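**Student:** can't give you the sequence, but here's the structure:
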Ligand SMILES: [Zn+2]
Ligand SMILES: [Zn+2]
């Protein structure tokens, strides 16, 4: 289940490849600058390499 980090709504019908919340337009994912894996916006650390996730 994917939840929007900004408006907190569950994104029902989420499909692979969506990058933004259909309700508020917030970005759902960021790319880890260290290993280029896709991270969820709400994560504080990259689970792939253990480095802190970028914060805007
Ligand atoms: Zn949203
Ligand atoms: Zn990483």
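**Tutor:** Nice, I can see it. Here the structure is a predicted model, which means the values were calculated and not measured. Ligands and ions are numbered 1, 2, ... in the order given.

**Student:** Count the residues that sit near residue 32.
**Tutor:** Residues lying near residue 32 (other CB atoms under 10 Å) number 19. C-beta here means a position set from N, CA and C on the backbone, and glycine is covered the same way.

**Student:** any idea how far ligand 1 is from the residue nearest to it when sequence neighbours are not counted?
**Tutor:** Among residues not flanking residue 32 along the chain, residue 46 sits closest, at 4.3 Å (CB to CB, 6 or more residues apart in numbering). With distances taken as CB to the ion, to the nearest Å, residue 46 is found 22 Å from ligand 1.

**Student:** Who are the contact partners of residue 46?
**Tutor:** Residue 46 sits next to 32, 34, 35, 37, 39, 52, 53 when contact means CB atoms under 8 Å, 6 or more residues apart in numbering.

**Student:** And the residues you listed, which of them are buried?
**Tutor:** 32, 39, 53 (16 or more other CB atoms under 10 Å).

**Student:** who in the chain is up against ligand 2?
**Tutor:** By CB under 5 Å from the ion, the residues of the chain that approach ligand 2 are 32, 34, 35, 46, 48, 49.

**Student:** May I see the residues you listed organised as TSV, with secondary structure and pLDDT added?
**Tutor:** Formatted as TSV, these follow (DSSP: H, G, I helix; E, B strand; the rest coil; pLDDT from 0 to 100):
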residue	secondary structure	pLDDT
32	coil	94
34	coil	96
35	coil	96
46	coil	96
48	coil	97
49	coil	97
